[in-house]
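Visitor: Sequence below, structure please.
(2 chains)
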Amino acid sequence: MTYFRVIRSGINTTFQDFGRKNLYHIGIPFSGAMDNRNYTLANIISGNKENNPVIEFAFQGPLLKLKGEKVNFNITGNVNFNIIKNKNTIEGNCYQNYILEDGDELDILSTNNSVYGYLSISGNFDVQYQWNSCSTNTKAKIGANEGKKIEKDQLLNISNLHFKNLKRKLEYVNSKIENIRVIKGTNFYYFSKEGIKSFFEKEFTVTKLSDRMGMRLEGVKIENVVDTNIKSEGLIKGVIQVPADGNPIIMLSDHGTIGGYPKIGVVISADYDKLVQLPPGSKIKFKQIELSEAEMLFKLYQMETKNLALKIQ
Amino acid sequence: MIKNISNLGDAALYCDFGKEVDKATNIEVIKYFKNVNEKQIEGITNITPSYNKLIISFDLNFTNFNKVKKKIENLELKNFTNIQGKSIDIPICCEDRFALDISRLEKKLNITKDKIYEKFFSKEYYCYMTGFIAGHPFLGDIDEALRVKRLETPRVKMPKGSVGITEQFCNIYSFESPGGWNIIGNTPLDIFDKSNELKPNLISPGDTIKFNQITIEEYKKRTGNDIF
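Guide: The predicted structure is shown next:
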């Protein structure tokens, strides 16, 4: 039996994979790893299949002690972590494989100027699946770990270990964030000219009231001139709603599936990974683009991910 | 019929069935939902019906807006006989400990508690959609004398099973969650059962709901809960 004992759980540590499809109509969101590219890279570096479960952590990660057979792992994101072997501490680099042996500890200290990081092992975490996904949704209590965050003193069982391609390594830093690009929302004209102007010209600050469900922003109040409510309708991740108080909220991976606030815009798919990595206090500036440009930028995003993957294959 | 299709961001179609919120419009939405769902169109990841909109989201790795739009515009619509679904009885206990907003409603609506319940229990309700949180049904339409806005300050924790009203609608909180509707009672039934993957929701769009008032004793018996 090989397992990690959780000595410290970290702030928001959950099992995640790609997420679950075709359940919005019953009220279950997509969930899945917040930063898709770093999730994908973690599994590629480990030599796993693409949809393998990983451990996602936010801000402070877990401290884990290995029991049993040796395990190959890597961490992606922008993360400080140490490997502790017989009281010797080795500073780890992201996007690189390491081996842990019986009794070794992995201390994931913090994410740097970012929110989420990923721990992948060459093998499997033994987790429960619901609707073909292990992604933990703590609100509906669905997925791995009975829908709960990983807690202190838990044992995380590991199986199907493999050790190919141990030299895999990648030099990569998340691209610098300048603007978050958005497409006009379906209630764009609910907002005053002045409101729309400020939305694209002024900076907004990411507040502490942000989690896997949504990101609340603060800044200039966006004035609504039609109605501060709409008849409730479906939501998707990236939708920017503006409730009566004029402060935008961006829907993230665990969002409610239905909402009744006007939608001023939607973050383009190519910028979603960058967006979710903005910690509280970060400044956001929105830039309006058209659908065709957003589609082209997504192709570019796909190519970049592919190129990064090629470097390690 | 769909009146207009536009894009919601770069990975979803926004199908607009008009401004009206009524059963006839909603049945059209559900008809489209069932048809699109059955076609299994490549790249579609979610189809979300609501009162008068249908949002179809897709994975940009496999398709794009124009491709999906064309598929939807050329969809051969089949009639489903089961759009108007089943009839379900939902027991509610309206003891003060559950009816969190009843005195507020008496004042706001300027009618007595008894009158509120008489009007509420005398009607059957249609399920327009489920969502917001898993299994949560949006039902309607309630009597015109009972229509109020949402709470000014939503509750951070709405108890599981709470039955609420707002505008022309009523709802049931399938599990503890934040919420802003005016609570008039609580059901001991499990509205969402995550262990039943094929049918986790007790109530589906198109179903008809009949609420029955039960006593606190019956409520306790059904939940097997003796905390009161």
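Visitor: which residues in the stretch 101-250 of chain A form strands?
Guide: A:105-111, A:116-121, A:124-125, A:155-159, A:180-184, A:204-210, A:214-218, A:233-234, A:239-241, A:249-251 (DSSP state E, counting those that start in this stretch).
Visitor: tell me the contacts of residue 188?
Guide: Using chain A here. A:196, A:263, A:264, A:265 (C-beta atoms under 8 Å, 6 or more residues apart in numbering or on different chains). Glycine gets a C-beta too; all of them are placed from N, C-alpha and C.
Visitor: ah, I was thinking of chain B
Guide: B:91, B:93, B:161, B:214, B:219, B:222, B:223.
Visitor: mind redoing it with 10 Å?
Guide: Contacts of residue B:188 were listed using C-beta atoms under 10 Å, 6 or more residues apart in numbering or on different chains, and they are B:90-93, B:160-161, B:214, B:218-225.
Visitor: Show me the chain divided up by domain.
Guide: Since no chain was named, I'll use chain A. Structural domains of chain A, as assigned by automatic domain parsing, span the residue ranges A:2-159, A:180-309.
Visitor: actually chain B
Guide: Domain segmentation of chain B under automatic domain parsing yields B:4-73, B:87-223.
Visitor: pLDDT weak spots in the chain?
Guide: Went with chain A since none was named. Residue ranges of chain A with pLDDT under 70: A:165, A:173-177, A:313.
Visitor: The intended chain is chain B.
Guide: Within chain B, the set of residues satisfying pLDDT under 70 comprises B:225-228.
Visitor: Helices along that one, start to end?
Guide: For chain B, the helices defined by DSSP state H cover B:23-39, B:65-73, B:102-109, B:113-121, B:216-223.
Visitor: can you put these in JSON lines and add distance to residue A:228?
Guide: Compiled in JSON lines, the helices of chain B are given as follows (distance: least, C-beta to C-beta, whole Å):
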{"stretch": "helix B:23-39", "distance to residue A:228": "23"}
{"stretch": "helix B:65-73", "distance to residue A:228": "29"}
{"stretch": "helix B:102-109", "distance to residue A:228": "19"}
{"stretch": "helix B:113-121", "distance to residue A:228": "27"}
{"stretch": "helix B:216-223", "distance to residue A:228": "37"}
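Visitor: which of the contacts of residue A:188 come close to chain B?
Guide: A:263, A:265 (C-beta under 10 Å from any C-beta of the partner chain).
Visitor: Out of the contacts of residue A:188, grab the one that's most surrounded.
Guide: Of all these, the highest neighbour tally under other C-beta atoms under 10 Å in any protein chain shown goes to residue A:265, namely 28 neighbours.
Visitor: Number of residues surrounding the residue nearest to that residue when sequence neighbours are not counted?
Guide: On the basis of C-beta to C-beta, 6 or more residues apart in numbering or on different chains, the spatially nearest residue to residue A:265 that is not a chain neighbour turns out to be residue A:182, at 3.8 Å. Taking other C-beta under 10 Å as the neighbour definition, residue A:182 ends up with a count of 26.
Visitor: List the contacts of residue A:182.
Guide: A:199-200, A:238-240, A:250, A:264-268, A:271, A:275, A:286-289, A:294, B:9-10.
Visitor: again, 6 Å this time
Guide: Each residue near residue A:182 by C-beta atoms under 6 Å, 6 or more residues apart in numbering or on different chains is listed here: A:265, A:267, A:286.
Visitor: The first one should be in a strand, yeah?
Guide: Yes: when the secondary structure is assigned by DSSP: H, G, I helix; E, B strand; the rest coil, residue A:265 falls within a strand.
Visitor: Got the phi and psi for residue A:61?
Guide: The phi and psi torsions at residue A:61 (degrees, to the nearest 10) take the values phi -90, psi -170.
Visitor: That one - how many residues pack around it?
Guide: Using other C-beta under 10 Å as the criterion, the residues surrounding residue A:61 number 30.
Visitor: One more: residue A:89?
Guide: 11.
Visitor: Surely it forms part of a strand?
Guide: Yes: according to three-state DSSP, residue A:89 belongs to a strand.
Visitor: sorry, back to before: save the domains of chain A as JSON lines, and put in distance to residue B:65 too.
Guide: Conversion of those to JSON lines gives the following (distance: least, C-beta to C-beta, whole Å):
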{"stretch": "domain A:2-159", "distance to residue B:65": "18"}
{"stretch": "domain A:180-309", "distance to residue B:65": "6"}
